[in-house]
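J.: A predicted structure for the sequence below; I have some questions about it.
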Amino acid sequence: MDAMTLALSPEMEDYLETIAALFRANGEARVTDIAERLSVSKAGVTQALRSLAAKGLVDYRPYVSPTLTATGMHIAERVQRRHDVLKRFLAEVLLVDAELAEANACRLEHAVDRSVLERLAHFMDFVQRCPRGGSKWIRGYEHSCDPEKETETCERCLEMAIDDYRNRQQTQATEEKTMTLAELKPGESGRIVRVGSVGSIRRRIVDMGAVNGTNVTVVKVAPLGDPIEVKIKGYSLTLRKEEAEAITIEAQIDQEGAK
């Protein structure tokens with residue numbers, strides 16, 4: 001019988017899920033363990049196993065631990081996946097206590113349609129990836145759930161979101177215009193935004209006046225690209241190629257020279 005056409009009660013789905021979980025943990029699912037896990041009598045377990053065996057979902061013989069058929073395992077995995085998605089949504093998005101999330105996921109897993117579950121899984125992924133979502137968004141939701149904390153207005157949240165967006169755009173625009181000093185051609189200029197080297201090389205670069213915010217113009221480059229003659233603050237300096245590569249600059253559209 002096809003797993004998609006079977007109509008099972010929540011209780012029967014719980015049996016399949018429990019058998020699968022016990023088999024993963026212990027290598028078998030004894031009747032005693034099933035009864036303990038589901039808080040039912042062993043007689044009740046036996047009756048349920050016979051019913052599941054009649055549907056082709058369980059291989060069951062008296063005094064032998066039951067096992068799931070391929071169809072039974074498929075259904076058990078489907079129920080477990082519903083449970084996992086619901087539990088994660090309750091605990092990670094709605095910030096419900098872990099124990100309460102587990103208990104409610106057990107009840108909800110039998111009622112959620114597959115298409116709804118897929119949408120829920122995509123929503124959780126969206127919340128974690130979207131620049132307007134993520135941990136900040138979830139923390140804001142947690143803040144709004146606390147009656148003892150003052151709820152921020154939507155206007156303030158929008159202002160913060162707009163500021164964050166503008167900052168990201170500005171950072172991206174700056175990064176797109178940056179390059180190393182070694183990439184400039186003779187006559188081209190730029191503004192130093194970062195000196196990335198360390199140790200003696202960095203000290204030599206800084207001692208020559210190559211600090212953040214300083215304009216620099218490439219005067220001449222040796223045939224093999226090393227050394228590189230530059231002008232900083234009106235002074236002509238010679239840099240080794242590795243030193244020029246350690247200096248990140250923001251290229252200037254106006255190439256008339258550094259001041």
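T.: Now that the structure is in, tell me what you want to look at. Numbering: from 1, shown residues only.
J.: got the residue ranges for the strands in the stretch 1-150 of the chain?
T.: In the stretch 1-150 of the chain, the strands defined using DSSP state E, counting those that start in this stretch lie at 58-61, 64-68.
J.: Need the CA coordinates for the first one. CSV is fine.
T.: I take that to be strand 58-61. Presented in CSV, the C-alpha positions along strand 58-61 are these (Å, rounded to 0.1, in the frame of the first residue of the first chain):
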residue,chain,number,x,y,z
VAL,A,58,5.4,-3.3,10.5
ASP,A,59,6.9,-6.8,10.5
TYR,A,60,5.6,-8.2,13.7
ARG,A,61,5.6,-11.6,15.4
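J.: Mind listing residues that contact it?
T.: Applying Cβ atoms under 8 Å, 6 or more residues apart in numbering, the contact partners of strand 58-61 are 16, 19, 49-50, 52-53, 66-69, 72. Placement of C-beta: from N, CA and C, glycine included.
J.: Most tightly packed of the strands of the stretch 1-150 of the chain?
T.: Highest mean neighbour count of those: strand 64-68, a mean of 18 (counted as mean count of other Cβ atoms under 10 Å).
J.: Which elements pack onto that strand?
T.: Contact analysis of strand 64-68 by 3 or more Cβ pairs under 8 Å, 6 or more residues apart in numbering; DSSP states H and E lists helix 10-26, helix 42-54, strand 58-61 as its packing neighbours.
J.: how does it look with 6 Å?
T.: Under the contact criterion of 3 or more Cβ pairs under 6 Å, 6 or more residues apart in numbering; DSSP states H and E, strand 64-68 touches strand 58-61.
J.: can you give me the mean pLDDT across the strand it packs on?
T.: For strand 58-61, mean pLDDT rounds to 94.
J.: can you tell me how far G187 sits from E102?
T.: Distance, G187 to E102, by Cβ to Cβ, to the nearest Å: 68 Å.
J.: Who has more neighbours out of the two?
T.: Neighbour totals were compared for G187 and E102, and E102 leads with 15 against 12 (other Cβ atoms under 10 Å).
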